[in-house]
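1. Turn this into a structure:
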Amino acid sequence: MSHNDHPLSEVPEHARKGFWSITVVLFGFTFFTSTLWAGGSLGMAFSVG
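-> Just a heads-up that it's a prediction; the model follows:
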């Protein structure tokens, strides 16, 4: 059974992700967070009943 996770050791050089793939993920978090914030603010503006 092959494991791709390295919880107790350093990730080997050949298994590390590059700068651009990490950057895309971080930008995704930025847009996701702002969208949730805007949706929450908009949702609070309306009454439920």
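2. Point out where this structure drops to low pLDDT.
-> Within the chain, the stretches with pLDDT under 70 are 1-3, 49.
3. And the residue nearest the centre of it?
-> For the chain, the residue lying nearest the average C-alpha position, counting by C-alpha atoms, centre = their mean, turns out to be Phe29 (4.5 Å).
4. Now for that residue, which secondary structure element holds it?
-> When elements are assigned from DSSP states H and E, Phe29 belongs to helix 19-44.
5. Check which residues of that helix are buried.
-> Of all the residues in helix 19-44, not one is buried under the rule 16 or more other C-beta atoms under 10 Å. For glycine as for every other residue, the C-beta is placed from the backbone atoms N, C-alpha and C.
6. Does anything pack onto it? Which helices or strands?
-> The criterion is 3 or more C-beta pairs under 8 Å, 6 or more residues apart in numbering; DSSP states H and E, and there are no helices or strands that helix 19-44 contacts.
7. Can you give the distance from it to the centre of its chain?
-> Counting by C-alpha atoms, centre = their mean, to the nearest Å, helix 19-44 is centred 8 Å from the centre of its parent chain.
8. Show me how far stretch 7-20 is from its chain's centre.
-> That offset, for stretch 7-20, works out to 17 Å (C-alpha atoms, centre = their mean).
9. Can I get it in CSV, CA atoms only?
-> This file holds the C-alpha atoms of stretch 7-20, laid out as CSV (Å, rounded to 0.1, in the frame of the first residue of the first chain):
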residue,chain,number,x,y,z
PRO,A,7,2.7,13.6,8.6
LEU,A,8,5.8,12.7,10.5
SER,A,9,8.6,13.5,8.1
GLU,A,10,9.7,16.1,5.5
VAL,A,11,8.0,15.9,2.1
PRO,A,12,10.6,14.7,-0.4
GLU,A,13,11.7,17.2,-3.1
HIS,A,14,10.1,15.1,-5.9
ALA,A,15,6.7,15.1,-4.1
ARG,A,16,6.5,18.9,-3.4
LYS,A,17,4.1,21.1,-5.2
GLY,A,18,5.4,24.1,-7.2
PHE,A,19,4.9,27.8,-6.5
TRP,A,20,2.1,28.3,-9.1
